[in-house]
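Novice: model this:
(one chain, ligands or ions: 1)
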Amino acid sequence: MSSSPISSPPQRPVADTTEAAPENRTDAVSGTPRTPVQRPRRLRRTDALRRMVRETVLTVDDLIYPLFVMEGEGQQEEVPSMPGCFRYSLDLLLDEVKAARDLGIGAIALFPLIRHHQKDNAGTESYNPDGLIPRAVRAIKQAVPQMLVITDVALDPYSSEGHDGIVKDGQILNDETVAVLVKQALVQAEAGADFVAPSDMMDGRVGAIRRALDGSGWINVGILAYSAKYASAYYGPFRDALDSAPKFGDKKTYQMDAANAREALKEVELDIAEGADIVMVKPALAYLDVICRMKHHTNLPVAAYNVSGEYAMIKAAAQQGWIDEQKVMLETLTSMKRAGADVILTYFAKAVALALRA
Ligand code: PBG
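Specialist: Predicted coordinates:
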């Protein structure tokens, strides 16, 4: 049986969309351009239209408010390089947490100012069950139970050397430090922390903390991993706030090289394999590409830390009258969200909540 050749059905001529319609071409004689077919400005005409087609919306739900706590009563001290940010004694910290809650902020991250005589090379105070952070967590959980409390896991505020790990012969010991971080995380979980946030950049710490939490029954305490934390000059004002600058050298043997982005993906893969629930890029503004790449690399929520130096730059320029603080703040934080951040830690949290309310 011979088959007749199958003829293809008649086809409608396909319109050539690559060329503009004749009436839209440049006038052949005069060379003046005719009306464009696409006018992107049509979608920018009114506020309602702009809102309708807006791709990225910053909300108060995205924010984590970092707070500094210190010993004492009835005290608050402004951090000189961070205007508008204070170290609070525990009683006043509670007022600040309530104020944050009243503005709709759902999460805070706590950082302690530790007194000099309580600092040592091994960061012993970091796992004191009656230390400043465990007391702060308990007090907050009692006063504002719905507030999500995140505690930082690292030795630097507790270290006489100002490093995130135990120092021996000028080196930062990894595994010995991880053992201390595990104790610190357990004390924080015991106090009621919802999330622990290792910010130390020791290898293997996320896995060690996850195993220890699970082993002690804290299966619902999450890990917000500072996965790609860079050795950055943007942390200066934070170190002023906590008096935690390194006493020698820098943090380049554990924090990442600012030039590396693929290495951030390696770090994030390790942290996910080790049990991280949320992964973070820090700083944020100079690392928007890293946030973007991380977002494409994982289905976990991605956090960005709008760090102290980023805050200080905006504040300083605004104080000079050189920029509009609120507009630059919102534009900057929106850029982080647009890059892929689901969650943003920012000292501007209250200001953002107020601005978005208006
Ligand atoms: C400490 C830690 C730092 C920050 C958060 N956790 C400083 C550092 O690594 O030296 C910086 C935050 C900021 O600059 O706002 N592990």
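
Novice: surely Gly340 and Asn299 touch.
Specialist: No. The criterion here is C-beta atoms under 8 Å, and Gly340 misses it with Asn299 at 11.8 Å. Where you see a C-beta, it was placed from the backbone N, CA and C, and this is true even at glycine.

Novice: hang on, isn't Ala303 packed against Leu345?
Specialist: Yes. Using C-beta under 8 Å, Ala303 makes contact with Leu345 at a distance of 6.6 Å.

Novice: what is in contact with those two at once?
Specialist: Contact criterion C-beta atoms under 8 Å, 6 or more residues apart in numbering; residues bridging Ala303 and Leu345 by contacting each: 64, 280.

Novice: which one's more surrounded, those two?
Specialist: Comparing Ala303 with Leu345 by other C-beta atoms under 10 Å, the one with more neighbours is Ala303, at 27 against 24.

Novice: quick check: that one is in a strand.
Specialist: Yes. Ala303: assigned to a strand according to DSSP: H, G, I helix; E, B strand; the rest coil.

Novice: check the gap between it and Arg41 for me.
Specialist: Using C-beta to C-beta, to the nearest Å, Ala303 is found at 35 Å from Arg41.

Novice: phi, psi of Ile150?
Specialist: phi -120, psi 130 (degrees, to the nearest 10).

Novice: any idea what it is bridged to?
Specialist: Ala109, Phe195 (DSSP bridges).

Novice: show me where the stretch 151-300 of the chain has strands.
Specialist: Ranges of strands in the stretch 151-300 of the chain, per DSSP state E, counting those that start in this stretch, are 166-168, 171-173, 195-198, 222-229, 278-282.

Novice: now those strands in TSV, with mean neighbour count, distance to Thr59 and mean pLDDT?
Specialist: Listed next are the strands of the stretch 151-300 of the chain as TSV, based on neighbours: other C-beta atoms under 10 Å; distance: least, C-beta to C-beta, whole Å; pLDDT from 0 to 100:
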stretch	mean neighbour count	distance to Thr59	mean pLDDT
strand 166-168	18	41	96
strand 171-173	18	39	96
strand 195-198	26	20	98
strand 222-229	26	19	98
strand 278-282	25	17	98
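
Novice: now render these as CSV, adding distance to Gln75.
Specialist: Shown next, in CSV, are the strands of the stretch 151-300 of the chain (distance: least, C-beta to C-beta, whole Å):
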stretch, distance to Gln75
strand 166-168, 31
strand 171-173, 33
strand 195-198, 26
strand 222-229, 29
strand 278-282, 29
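
Novice: isn't Leu285 up against Tyr311?
Specialist: No. Counting by C-beta under 8 Å, Leu285 sits too far from Tyr311 to count as a contact (10.1 Å).

Novice: and stretch 290-307, how far apart are its ends?
Specialist: End-to-end distance for stretch 290-307, by C-alpha to C-alpha, to the nearest Å: 15 Å.

Novice: is it up against the ligand anywhere?
Specialist: Yes. Stretch 290-307 is in contact with the ligand by C-beta under 6 Å from any ligand atom, via Val307.
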